[in-house]
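K.L.:
A predicted structure for the sequence below; I have some questions about it.
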Amino acid sequence: MKTASAREEALRLRQETRLSRRAQDKLTVALFLFPSLVLFFIFLTYPIAQSVYYSFFNWKGFGPAVDFIGLDNYKRILTDRIFMKAVGNGLLIVGLSLTIQLPMSLALALMVGRDLPGRAFFRTIFFMPYVLSEVITGIMWLSLYNPDPERGFINAVLTLIPGVQPQPWLGDPDMVLVCLFVVLTWKYFGFHMLLYMAGLQNIPQEIEEAARIDGANRRQLITYVTLPLLGDTIRTSVYLSVLGSLQQFALVWIMTKGGPVNASEMMATYMYRFGFVRFWLGYGSAVAIVMLLISLAFSLTYQRLVRQPEYLGSV
Amino acid sequence: MAMTHPQRSSTWRKNWPRFFQYLVLSLFVLIILVPIVMLVFGGLKTRGEFMTRPYTPPIPPHWENYAKILSRESSFWIMLRNSFVVMLATTSGVVLVCSLAAFVFARMEFRGKSLAFNLFTLGLMFPINIAILPVYLVLRQMGLTNNLWGVILVQVAFQLSGNIMILRGFFMAIPS
């Protein structure tokens, strides 16, 4: 009698635990996802939603937003010549990065290659600027670009060549973007080079050996074997470079504040100027939404057309 | 003599691409190092020296700049402490919160899994540079401006997406 009830008890207990097993799993999922979902909603979803709301108001940040103006902020952004200039500048930086900075990084990565003696030394030096903060980089280059040859290193070196005049660099609206691009390249080419070097490391050496035995010369080897096999890495680095260029802020703000006369304005400096300097929060919100849409459109198109990231296909 | 001459020219022909490689790479090393060396020089000069002759070597070096920064009454230590607090809190927050979520995505099945996961991937496309104004408005409402928590929580939130992806990959690589 006693043993039977004990067995029953055990059976009941086992059923109960099996039932509660599923409940337990649900509880685990809920508990484990809770913190990240809360943070995500408070600091990503909610701010976007709120900015969409504020973007319909003429709101200078004091008191509640009451002056509803519909789509006027957006109309103004899209007809503002300075914003268009900022978009154009961003695209110019993107273009220069894709045609100069990335090929240069790739060439250097190929040069350092797998087995060059001193490889680790070059890799370390080239990666150094990426580790420096953008603010320090900006301040450093401000001094190098100083138009006075007594103070600016670049002009000091240039004027050593007879007949060469010191250049205004950042003070010249036609030159300022190229000057900023030089700094951006200085800072970021090591990062891209490191990406390419990692990609090169993943190419099996046997394939290149086979091509060499088949009589491919060095150029053929690179164009027909190495570059196609580096495809994924190149696509990733292009993606990162475009997004980074479009969102460029700290370096430009430190070095030129978007000047002279808006010649180096970026979308992010434009947003900062209206949002945090003039405190037109409604208008600034609208700029943020426009920027977000531009980045989102680029990301989605690029991933649809060029690169399907592996993590999306695998859920 | 007659034997060595062609040999020498052939080693030159064989080695000159390598020589060219080192030449180009050394040039780049120079371009990288010059601004950084200028910065180091600048740190060893007085304000006046830096203004008048910023790119010459600092002779004699003025170590008192460093002494001033590292002195007891300098605000450097407060800033260092703040950075340290933010770093520690952000890193532990990211590791804790992201590994919990990544584990769930790697090992458990539940309704709405792909929806939740895709939500986090969307976060990858919303960088902090663009979010700065919207996030600032939220921090202001929460009273978290002028507060380290404002920095920490935002940093953790914006690193969620990327780190959940990475950690999920690692969890899936472990055989269950």
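P.N.:
Yep, it's here.

K.L.:
what's the spacing between residue A:267 and residue B:26?
P.N.:
Going from residue A:267 to residue B:26 by C-beta to C-beta, to the nearest Å gives 38 Å. (Each C-beta comes from the backbone N, C-alpha and C, glycine too.)

K.L.:
If you count surrounding residues, which of the two has more?
P.N.:
Between residue A:267 and residue B:26, counting by other C-beta atoms under 10 Å in any protein chain shown, residue A:267 is the more crowded of the two (24 against 13).

K.L.:
can you give me how far stretch A:222-235 is from the chain middle?
P.N.:
On the basis of C-alpha atoms, centre = their mean, to the nearest Å, stretch A:222-235 sits 22 Å off its chain's mean C-alpha point.

K.L.:
no, scratch that, I was asking about stretch B:134-152
P.N.:
23 Å.

K.L.:
now the end-to-end length of stretch A:54-69.
P.N.:
10 Å (C-alpha to C-alpha, to the nearest Å).

K.L.:
So which residues make contact with it?
P.N.:
Identification of contacts with stretch A:54-69 by C-beta atoms under 8 Å, 6 or more residues apart in numbering or on different chains yields A:53, A:70-74, A:279-283, A:285-286, A:288-289, B:137.

K.L.:
which among those end up buried?
P.N.:
The neighbour-count test (16 or more other C-beta atoms under 10 Å in any protein chain shown) marks A:72-74, A:280-283, A:285-286, A:288-289, B:137 as buried among the contacts of stretch A:54-69.

K.L.:
Nearest to residue A:102 among these?
P.N.:
Closest approach between those and residue A:102, by C-beta to C-beta: residue A:288, at 28.0 Å.

K.L.:
For the nearest residue to that closest one once chain neighbours are set aside, give its distance to residue A:266.
P.N.:
Leaving aside its sequence neighbours, residue A:288 sits nearest to residue B:133 (C-beta to C-beta, 6 or more residues apart in numbering or on different chains; 4.9 Å). Residue B:133 sits 14 Å away from residue A:266, going by C-beta to C-beta.

K.L.:
same question, residue A:67
P.N.:
28 Å.

K.L.:
ok, these two, which is more surrounded?
P.N.:
Comparing residue A:67 with residue A:266 by other C-beta under 10 Å, the one with more neighbours is residue A:266, at 28 against 10.

K.L.:
I am assuming the more buried one contacts residue A:244, so please confirm or correct that.
P.N.:
No. In terms of C-beta atoms under 8 Å, residue A:266 does not count as a neighbour of residue A:244; the distance is 11.4 Å.

K.L.:
Give me the residue ranges of chain A where confidence is low.
P.N.:
Applying pLDDT under 70 to chain A flags the ranges A:1-4, A:13-19, A:307-315.

K.L.:
Which helix runs longest in it?
P.N.:
Secondary structure of chain A per DSSP state H: the longest helix is helix A:2-40.

K.L.:
Could you list every helix and strand in contact with the helix or strand residue B:163 falls within?
P.N.:
According to DSSP states H and E, residue B:163 maps onto helix B:148-173. Judged by 3 or more C-beta pairs under 8 Å, 6 or more residues apart in numbering or on different chains; DSSP states H and E, the packing partners of helix B:148-173 are helix A:2-40, helix B:76-107, helix B:113-123, helix B:128-142.

K.L.:
can you give me the angle the last one makes with helix B:148-173?
P.N.:
Meaning helix B:128-142. Between helix B:128-142 and helix B:148-173, the angle comes out at 130 degrees (axes from the mean of the first three to the mean of the last three C-alpha atoms, to 10 degrees).

K.L.:
Ok, the longest one next?
P.N.:
With the same axes, to 10 degrees applied, the angle from helix A:2-40 to helix B:148-173 works out at 130 degrees.

K.L.:
Same question for helix A:2-40: list its buried residues.
P.N.:
Within helix A:2-40, the residues that count as buried by 16+ other C-beta under 10 Å are A:28-29, A:32-33, A:35-37, A:39-40.

K.L.:
need these in CSV with distance to residue B:82, can you?
P.N.:
As requested, the buried residues of helix A:2-40 are exported to CSV (distance: C-beta to C-beta, whole Å):
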residue, distance to residue B:82
A:28, 36
A:29, 36
A:32, 31
A:33, 31
A:35, 24
A:36, 25
A:37, 29
A:39, 21
A:40, 25
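
K.L.:
Close to chain B as well: tell me which of these qualify.
P.N.:
Among the buried residues of helix A:2-40, proximity to chain B is found for A:28-29, A:32-33, A:35-37, A:39-40 (C-beta under 8 Å from any C-beta of the partner chain).

K.L.:
Could you list the buried residues of stretch A:263-279?
P.N.:
For stretch A:263-279, a neighbour-count test (16+ other C-beta under 10 Å) marks A:263-275 as buried.

K.L.:
Filter those to keep only those in contact with chain B.
P.N.:
A:268, A:271-272, A:275.

K.L.:
mind checking the longest helix of chain B?
P.N.:
Assigned via DSSP H, chain B shows its longest helix as helix B:4-43.

K.L.:
Close to chain B: what parts of the stretch 201-315 of chain A are there?
P.N.:
Contact residues, the stretch 201-315 of chain A versus chain B (C-beta under 8 Å from any C-beta): A:243, A:247, A:249, A:268, A:271-272, A:275-276, A:281, A:284-285, A:287-288, A:291-292, A:295-296, A:299-300, A:311-312, A:315.

K.L.:
where in chain B is pLDDT low?
P.N.:
Using pLDDT under 70, chain B drops low at B:1-10, B:12-13.

K.L.:
rerun at 50
P.N.:
For chain B, the stretches with pLDDT under 50 are B:1-4.

K.L.:
Please flag which of the residues of the stretch 201-315 of chain A next to chain B sit within strands.
P.N.:
Assigned to strands by DSSP state E, none of these qualify.

K.L.:
just to revisit the earlier point, which of the residues in the longest helix of chain B are classified as buried?
P.N.:
B:21-22, B:25, B:28-29, B:32, B:34-36, B:38-39, B:41-42.

K.L.:
and that helix, what other elements does it pack with?
P.N.:
Using 3+ C-beta pairs under 8 Å, 6+ apart, helix B:4-43 sits against helix A:102-112, helix A:119-131, helix A:134-144, helix A:176-201.

K.L.:
Contact partners for residue 76?
P.N.:
With no chain named, the answer covers chain A. residue A:283.

K.L.:
Please refer instead to chain B.
P.N.:
B:69-70.
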